[in-house]
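1. Give me a model of this one.
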Amino acid sequence: MAEATPTSEAPIVLFDGVCNLCNSAVTFIIRNDPKRRFRFAALQSPVGQELLQRFGLPTETLNTFVLIEGDRAFTKSTAALRSARLLGYGWPLAFVFILVPKPIRDLCYDFISKHRYRMFGKREACMLPTPDLKARFLTHVEAVL
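-> You can find the predicted model right below:
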C-alpha cells in the first residue's frame, strides 16, 4: 500500500492519552484508515492543549473525544460518528446514527466517558506510537492548521 502523507486538511483526533478505551479507539481508527488521513494528539499534550484553546474548548476537561475537520471541531458522539464516516470498509454506515438526537447520543457517550477508567483501565503515560505511525502523531501546532 502506498504511504499517504497527512495534509493540513487531514482530520485530527484529540484523545485522552492515558485512557485505555481512548487508546483502543485510536488503534481502531489507524487499522481502519486505509488512506492514512487521520492525525492524532493526546488532549494532555502541548499540541492537544493548544488546539483545544484554538477551538474554544475547555483545556482542563479531558473526558471527550475531539475531531477537528478543517476549521470545525466536533466532540463526543458527533466526533465519533464523523470519524466513522471517514474510515474505510463498512464503517461509514455507522454515520446513520447521527439521526439519533444529539442529547440521546451524548447521554450514552457521557455514561461511558464517566466510567471509562473503571471499565477499561488507565495507563500511567500517553501511548508512544511506533516509528511507522510517528508521523501521524502531532508534535507542533504550526504544522497543523
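
2. use CA for all of it now, contacts and neighbours both
-> Noted.

3. quick one: R118 from T59, how far?
-> 22 Å (Cα to Cα, to the nearest Å).

4. okay, those two: which has more neighbours?
-> T59 (14 against 10; other Cα atoms under 10 Å).

5. Helix, strand, or coil at that one?
-> coil (DSSP: H, G, I helix; E, B strand; the rest coil).

6. so it sits right up against Q53, yeah?
-> Yes: using Cα atoms under 8 Å, T59 is in contact with Q53, at 6.7 Å.

7. in the chain, which segments are predicted with low confidence?
-> Applying pLDDT under 70 to the chain flags residues 1-8, 117, 119-131, 133-134, 140-145.

8. how about the helices in it?
-> 20-31, 46-54, 76-85, 102-120 (DSSP state H).

9. winner for burial among those helices?
-> Scoring the helices of the chain by mean neighbour count under mean count of other Cα atoms under 10 Å gives helix 76-85 as the most buried, with a mean of 21.
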